[in-house]
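[1] no sequence on this one, just coordinates:
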C-alpha cells in the first residue's frame, strides 16, 4: 500500500487505546491535520474526511478531539474467493502479499480489521491485534 501518498501519515496516527501499546499517546485533531492536510470535509459527527482518486480516509475523534478510530478505503483492490491460507499469527504484510490489496481497513483501540470483497460484493475480514492475525470472517 506504499502507492498511497498518505499511507505513512495514516499509519502514524495513534488512537486512544491499544491494549498492547498503552504507552502510546493518542493523536489530536490538529496533529492529524498537520500530517494529512486540511480535510476534504468535516463531518457533523466530529470526524474528518479526506478524499483522493486512490483512497478515502475517515478519522473519528472523541469529545476532546483525540483520535478514536481511523478508516481508509481504496479505490482499487483485489477481489478474493476465500481466506484459505490465512492463519492466526500471520503478519499483515504476509496477508496482503497473499490476498492482494484490501478494499479497506479500519483501526480501533481494540483491533485492526482488513476487508476484501468477492465478485458478489460480499465482505471477507481479517482481524489483527498488533501486526498478527487473530481471527478471520467469511460471508455466510
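    Received, thanks. Keep in mind that this is a model prediction, so the values were computed, not measured. Numbers count the residues shown, from 1 in each chain.
[2] chain center to the worst-scoring helix or strand of the chain on mean pLDDT: distance?
    Sorted by mean pLDDT, DSSP states H and E, the helices and strands of the chain end with helix 7-11, the least confident at a mean of 85. Centre-to-centre, helix 7-11 and its host chain are 10 Å apart (C-alpha atoms, centre = their mean, to the nearest Å).
[3] and that helix, what does it pack onto?
    helix 29-36 (3 or more C-beta pairs under 8 Å, 6 or more residues apart in numbering; DSSP states H and E). (Glycine included, C-beta is placed from N, CA and C.)
[4] so which elements touch the helix or strand following the helix it packs on?
    Reading on from helix 29-36 to the C-terminus, the next helix or strand found by DSSP states H and E is strand 41-42. When contacts are defined as 3+ C-beta pairs under 8 Å, 6+ apart, strand 41-42 packs onto strand 48-51.
[5] now do the same contact list for the nearest residue to residue 75 once chain neighbours are set aside.
    Ranked by C-beta to C-beta, 6 or more residues apart in numbering and with sequence neighbours excluded, the top spatial neighbour of residue 75 is residue 54, at 5.3 Å. The contact partners of residue 54, by C-beta atoms under 8 Å, 6 or more residues apart in numbering, come to 3, 4, 5, 74, 75, 76.
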